[in-house]
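> generate coordinates for the sequence data below:
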Amino acid sequence: ALFYGGIAYLGLKRSKNNAVLSFFALAVALVFLTIAIPIQLGDIAWTTIAWAAEGAVLIFISFYVGLPKLRVFGYLAFGVMTIRLVFFDLFVDLSDFTPIINERFGAFFTSIVLIYLAALFINTKDESLMKWEQLRFSAKRILFVLANLLTLLLLTAEILAYFDWLMNDLDETGRVGISDQRLENIKNLSVTALWTIYAVSLLVGGIVMKSQPIRIGGLILLVIPIVKVFIYDVFILETVYRVIVFIGLGGLLLIGGYLYQRYRSVIREFILSK
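Residues are numbered from 1 along each chain as shown. Predicted coordinates for the structure are as follows:
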């Protein structure tokens, strides 16, 4: 990586006509650097964190050295990082699981923070972006969406793992007073509540920041827990929990329907205005 990085630097320093050569040498250097990280660190969360840091650093450097194409490698590093998070870091060993204080949470949290920082930094450099980065589905918006999806995935995974860990602990200790079925009910309710709260938070955030995409994203996400209640929770939950869910959901839908009928024009303008 250092060798090809040196070729890229020297080629560009000698003449700007060597820009293509320097770019490809730099690409080779970055590939070697990316491969070196898992070779050295192995199958641990630090590999994901290193890839996330690489993506953010490449994006930052691309603006300071005036090399926009360098950001492409930053986006690719974030892509590789996301694949690793979802397919390798998402699963944990419940035998020694500790909520929040675990490798998965550290990998996800650090990666999400770096994605947000990169997206916010790109947002301040509109005049320096390439044409395709300025489209409606721009790089910064994709990064914001990715960060939110990873955040929701992490929180959901932590809730599921926590209750699975409690059920395993209950089976091993043989404690009485609470059953696996009750824990399963609480777990399903917690996931539904999480998605609802997150969707409402996005909706409020879209109002405060006057952002149409965030508002629409919050509304789309709000549909998921509603659908989950009707096609999953209704068949899984015990009667008491089912009644609680339907009362809460029914009240929410009634209030929403009343407000829409009363303030239809205002709500349409709120959703669709930029």
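> mind listing the strands for this structure?
In the chain, no strands are found when defined by DSSP state E.
> any stretches of it with poor pLDDT?
Scanning the chain with the threshold set as pLDDT under 70 gives 132, 135-137, 170-179, 253, 256-274.
> in the helix ranked longest in it, what counts as buried?
Assignment by DSSP state H gives helix 139-173 as the longest helix of the chain. Neighbour counts over helix 139-173 (16 or more other CB atoms under 10 Å) mark 139-141, 143-148, 150-152, 154-155, 157-159, 161-167, 170 as buried. For glycine as for every other residue, the C-beta is placed from the backbone atoms N, C-alpha and C.
> helices and strands around that helix, which ones?
helix 70-84, helix 103-123, helix 180-208, helix 212-228 (3 or more CB pairs under 8 Å, 6 or more residues apart in numbering; DSSP states H and E).
> can I get those in a markdown table including distance to Glu238 and mean neighbour count?
Putting these into a markdown table (distance: least, CB to CB, whole Å; neighbours: other CB atoms under 10 Å) gives the following:
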| stretch | distance to Glu238 | mean neighbour count |
| --- | --- | --- |
| helix 70-84 | 37 | 20 |
| helix 103-123 | 30 | 19 |
| helix 180-208 | 6 | 17 |
| helix 212-228 | 16 | 16 |
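> closest one to Tyr241 among these?
Comparing the helices and strands packed on helix 139-173 against Tyr241 with CB to CB, the closest turns out to be helix 180-208 (4.6 Å).
> ok, residues contacting stretch 101-112?
The contact list for stretch 101-112, computed with CB atoms under 8 Å, 6 or more residues apart in numbering, reads 44-45, 48-49, 52, 81-82, 85, 89-92, 147, 150-151, 153-154, 157-158.
> if we go to 6 Å?
Ala45, Thr48, Ile49, Ala52, Met81, Asp89, Val92, Ala147, Leu150, Thr151, Leu154 (CB atoms under 6 Å, 6 or more residues apart in numbering).
> and the residue nearest to the third one when sequence neighbours are not counted, how close does it get to Val223?
If you skip the residues right next to it in sequence, Ile49 has Thr110 as its closest partner in space, 4.8 Å away by CB to CB, 6 or more residues apart in numbering. If you measure Thr110 against Val223 using CB to CB, to the nearest Å, the figure is 30 Å.
> check contacts around the residue lying closest to Tyr241 once chain neighbours are set aside.
Nearest non-adjacent residue to Tyr241, counting by CB to CB, 6+ apart: Asn185, 4.6 Å away. Contact analysis of Asn185 by CB under 6 Å, 6+ apart lists Leu237, Glu238, Tyr241.
> cool, thanks, signing off.
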